[in-house]
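J.: The following block contains a protein sequence and its predicted model.
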Amino acid sequence: MNREFGAAVMERKARGLRMKSIVILATLLGFWIFAIASRAPTTVAFMNKEGKRVLTLDYEAASYFAEGLAAVNRGGKWGYVDRRGVLIVPPTFAEAGPFRDGLSMVVHHGKVGYIGHKGDFAISPQFERGADFSDGLAAVSVAGRYGYIDIGGKILIPLQFEAAGEFHDGLAAVKLRGAGAAKWGYVDRTGTLVIPARFTMAGRFSDGVAAVKAQSGGELWGFIDKSGNFVIPPRFSEAGILADGLAPVRLAAGTEGSALTTALLPEGDPQNVWGFMDARGTLAIAPRFQQAGPFSQGLAAARSRNKWGYIDKQGKWSITPQFDEAREFREGFALVAVRSAAGRTSYGYIDMLGRYVIKPQSGVVNASHFSEGLASLTVIRRWYERLSPLS
């Protein structure tokens, strides 16, 4: 698995979704879905929160449900099924995303367009790249320039940026080239550059602040408000999204607190000192973790002595470190993985008390978070036929 932690701007193709958008990651292990390359025949199972299989479908892969539909893949093409497993949109697209604001981004004949719930094009395929809708707008590009469209397909913000992220809290990060190297700033929904492009990297706003990397700050991360003023000066080597009033941060070597906690880490690596900061810039949870993700539903995944567990907002272990991989909680459940002595990885789901609702299963090649009460598992068929009880 490719792991990305802390704040990072990524150009992503998640599950084949064609997009260039900004993603601030202090999320664990990348995106919402584990994906492991496999050419073996597979079966898709949708699980409910009691760990029961409610749908078993003959597809090669599947996403989570969004607005009542889930993307499914057969023969390398994507379509959509409803919660009964009925095929609503036949597999005809090279790539397909989740529905948002009634539309889903798809790739058809090499171009990005957007379809409605019945599979008809609401916005014809015409863009080189496109992102999901967020706050009623989606970033798209033509000839390497990015702008934003509304749900009617009208270009509201002209195609003028080198890269563009999703709107959150009314602002989106965009990349502009001036006299020197391209820098990141923020536009509002009218396209006005409300925060000048002066950052080397920039993340999305959450709870009124955004993590940015400033060259003037020695390539360290800090947090700005919606006026572009630093509310927390650059002093972190990485910084994640502020959620539930706290943000995971990695202390730069030589900063206050980093040397004190190095001895607690088995690697003894001062570059891997993670803690949690509040909106005032105070280290609310002492930096003592190898890695850490954002808070979700009152818990955050954290890694200590090479195992993942979950801490509460006081920094106490709510679920002791025992997993080899861990995701944030969604709808009260989290996707986790354990690895055997032989190196075989199994995936399961736990509740907020750390109890398995779906025991770790071998042969899983894709697994989504819970959404709309269900999670999808794509399992190699020879394993699926001999699965152990799932709960």
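T.: Happy to help now that I have it. Numbering: from 1, shown residues only.
J.: Who are the packing partners of the strand or helix carrying Ala211?
T.: Element membership of Ala211, judged by DSSP states H and E, is strand 210-214. Helices and strands touching strand 210-214, as assessed by 3 or more CB pairs under 8 Å, 6 or more residues apart in numbering; DSSP states H and E, comprise strand 193-199, strand 201-202, strand 220-224, strand 230-239. Just so you know, the C-beta spots here come from the backbone N, C-alpha and C atoms, and that holds for glycine as well.
J.: what about 6 Å?
T.: Judged by 3 or more CB pairs under 6 Å, 6 or more residues apart in numbering; DSSP states H and E, strand 210-214 is in contact with strand 220-224.
J.: Give the buried residues for the strand it packs on.
T.: Leu220, Trp221, Gly222, Phe223, Ile224 (16 or more other CB atoms under 10 Å).
J.: hmm, who's touching that strand?
T.: 7, 209-213, 230-236, 239, 252 (CB atoms under 6 Å, 6 or more residues apart in numbering).
J.: Double-check Thr320 against Lys307; I have them as touching.
T.: No. The pair Thr320 / Lys307 is not scored as a contact, 8.4 Å apart, by CB atoms under 6 Å.
J.: Distance across stretch 321-336, terminal residue to terminal residue?
T.: One end of stretch 321-336 to the other measures 11 Å (CA to CA, to the nearest Å).
J.: For Ala286, grab phi and psi.
T.: phi -60, psi 140 (degrees, to the nearest 10).
J.: give me the number of residues near it?
T.: Ala286: 14 surrounding residues under other CB atoms under 10 Å.
J.: Then Pro90?
T.: Residues near Pro90, counting by other CB under 10 Å, number 12.
J.: Name the helix or strand for it, please.
T.: Here Pro90 sits within strand 87-93, counting by DSSP H and E.
J.: Alpha carbons only: can I get that strand in PDB?
T.: Below are the C-alpha coordinates for strand 87-93, written out as PDB (Å, rounded to 0.1, in the frame of the first residue of the first chain):
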ATOM      1  CA  LEU A  87     -28.000  -2.300 -12.900                       C
ATOM      2  CA  ILE A  88     -29.200   1.300 -13.500                       C
ATOM      3  CA  VAL A  89     -26.400   2.600 -15.700                       C
ATOM      4  CA  PRO A  90     -24.700  -0.100 -17.900                       C
ATOM      5  CA  PRO A  91     -20.800  -0.300 -17.700                       C
ATOM      6  CA  THR A  92     -19.800   2.000 -20.600                       C
ATOM      7  CA  PHE A  93     -17.400   4.400 -19.000                       C
END
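J.: what about it, average pLDDT?
T.: Average pLDDT, strand 87-93: 98.
J.: Buried residues of that strand, list them for me.
T.: Residues Val89, Pro91, Phe93 are the ones in strand 87-93 that count as buried (16+ other CB under 10 Å).
J.: now, which of these sits nearest Gly113?
T.: Closest approach between these and Gly113, by CB to CB: Phe93, at 9.1 Å.
J.: On the pLDDT front, check Glu267 for me.
T.: 44.
J.: ignore the last one, Pro41
T.: 81.
J.: Now do the contacts for it.
T.: For Pro41, the contacting residues are Arg381, by CB under 6 Å, 6+ apart.
J.: where does the stretch 51-200 of the chain have low pLDDT?
T.: Residue ranges of the stretch 51-200 of the chain with pLDDT under 70: 179.
J.: What strands line up against the strand holding Ala211, and which way round?
T.: Note on strand 210-214: by DSSP bridges, its sheet partners are strand 201-202 (antiparallel), strand 220-224 (antiparallel).
J.: Arg280: what's it in contact with?
T.: Counting by CB under 6 Å, 6+ apart, Arg280 touches no other residue.
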